[in-house]
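S.K.: What follows is a predicted protein model with its sequence.
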Amino acid sequence: MTTTSDRRSTPLPGRLGDPSAEYRTDDRADRRLREALARLGLDAQAAPPPFDRSASLEDRLAFVRGAHDAFEQLYAAIAADEPGRDDVTRTARTVTGRDGHGIALHVFRPAGTEGTALPGLVYLHGGGMTILEYDNRIHTRWCEDLAATGLVVVTVDFRNAVSTAGHAPFPTGLHDCADALTWIDAHRADLGTTSLVLQGESGGANLCLASALLAKREGRLDAIAGVYAMVPYISGGYGWDEDAKRAELPSLVENEGWFLNTLMMDVLVSTYDPTDEHRRNPLAWPYFATVEDLTGMPPHVVSVNELDPLRDEGIAYYRRLQAAGVRATGRVNLGLTHGADSIFKTAIGDVYDSTVADISRFARSVAPAS
């Protein structure tokens, strides 16, 4: 007996199925986050840049500086009513990088634990390696909350590719991170750390993964106990044509404009690598790391958000780690846009707290047994 089904085919998600879709119309969206974004006017399509990467470098640099200022203002508004912590101490250090540049560090640890060795975490902030400050309130709040779980957290003021000080494209920021990591590793006893995990979101996740790749090439991989990469910004493929995106990284189309605009990201890419000579260099874009590159890496966690344009590149990296035999864990946060689990603490506090707890758990799991 033959039966036929009248079940309708499932429509393609997001803008794959409906080019007019927005985060605010997506049934998959987290209701609390959608309401928070609506209050900020961010639940509709993120605006594209006024020009593409073919504009003059001067115009692109000016645009990125403006984007930096806008995101700093947004971050300040999001965290305006959130108090600091009095159970965490903060100290500052400055170390010297390979080109003589001074790299500022902030060290966070639980109050009253001086003289006690704790698992360590090196935090590299997001911003596409081109924008945002390392010590804005969103980033310092994150470090405070991680430290309060019993970690020593060191955040690194690596050079953004674009700043008021000038243009410092790849590999400047990566080298700052690598040099800071070398110093931190050599001063574990002074800092009171037993181990070091690299952790970051978005562009910071790029720098974490690239720092591990660079450490392997330079024979310094034993400094890194693990890597926790959140919503990694690692393909550089944000200006690919739509057919290429659909074929390789469909979330770039599916979630286009959900908090992030891919053409805006492509302008950032064009200032990080202005000659386009590093488009497939895994130190610039870890998405292109091979199984051979990843073999022998320490444990990793790759966390992605369901409604993020960058979702699929993070998943692809996780799968390549698996293929390389690396101990890797993958996480998918349903209903969330890019970076929401670290940015929007007030709106989705349970998700934020769960993420902080998982990072702390991971850092402890790869630390030496006491």
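M.R.: Looks like it came in fine.
S.K.: which residues of the stretch 1-150 of the chain score low on pLDDT?
M.R.: 1-8 (pLDDT under 70).
S.K.: Helices of that one, start to end?
M.R.: 14-17, 31-39, 57-78, 137-147 (DSSP state H, counting those that start in this stretch).
S.K.: on contacts alone, who are the packing partners of the last one?
M.R.: The criterion is 3 or more C-beta pairs under 8 Å, 6 or more residues apart in numbering; DSSP states H and E, and the helices and strands that helix 137-147 contacts are helix 57-78, strand 88-96, strand 102-110, strand 118-124, strand 152-156, helix 340-343, helix 349-365. To be clear about C-beta, it is placed using only N, CA and C from the backbone, and glycine gets the same treatment.
S.K.: list the helices and strands the fifth one packs on?
M.R.: Using 3+ C-beta pairs under 8 Å, 6+ apart as the contact criterion, the secondary-structure elements in contact with strand 152-156 are strand 102-110, strand 118-124, helix 137-147, helix 172-186.
S.K.: what comes into contact with it?
M.R.: Residues from elsewhere that reach strand 152-156, judged by C-beta atoms under 8 Å, 6 or more residues apart in numbering: 103, 105-109, 118-125, 134-135, 139-140, 143, 146-147, 176-177, 180-181, 184, 191-193.
S.K.: same for the helix or strand following that strand, what does it pack against?
M.R.: Using DSSP states H and E, the helix or strand that follows strand 152-156 in sequence is strand 162-163. Contacts defined by 3+ C-beta pairs under 8 Å, 6+ apart place strand 162-163 against helix 57-78.
S.K.: can you do 10 Å?
M.R.: Strand 162-163 is packed against helix 57-78, helix 262-272, with contacts defined by 3 or more C-beta pairs under 10 Å, 6 or more residues apart in numbering; DSSP states H and E.
S.K.: what's the distance between the longest one and the middle of its chain?
M.R.: With C-alpha atoms, centre = their mean, to the nearest Å as the basis, helix 57-78 stands 17 Å off its chain's centre.
S.K.: To residue 246, which of the helices and strands packed on strand 162-163 lies closest?
M.R.: The closest of the helices and strands packed on strand 162-163 to residue 246 is helix 262-272. By C-beta to C-beta, the value is 12.6 Å.
S.K.: related to what we said a few turns ago, redo the helices and strands packed on strand 162-163 as JSON lines? Include mean neighbour count and distance to residue 157.
M.R.: Below are the helices and strands packed on strand 162-163 laid out as JSON lines (neighbours: other C-beta atoms under 10 Å; distance: least, C-beta to C-beta, whole Å):
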{"stretch": "helix 57-78", "mean neighbour count": "16", "distance to residue 157": "14"}
{"stretch": "helix 262-272", "mean neighbour count": "24", "distance to residue 157": "17"}
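S.K.: Relative to residue 346, which of these is closest?
M.R.: Among those, helix 57-78 comes nearest to residue 346, with 7.7 Å by C-beta to C-beta.
S.K.: Which other helices and strands does the closest one contact?
M.R.: Counting contacts by 3+ C-beta pairs under 10 Å, 6+ apart, helix 57-78 packs against helix 137-147, strand 162-163, strand 166-167, helix 262-272, helix 340-343.
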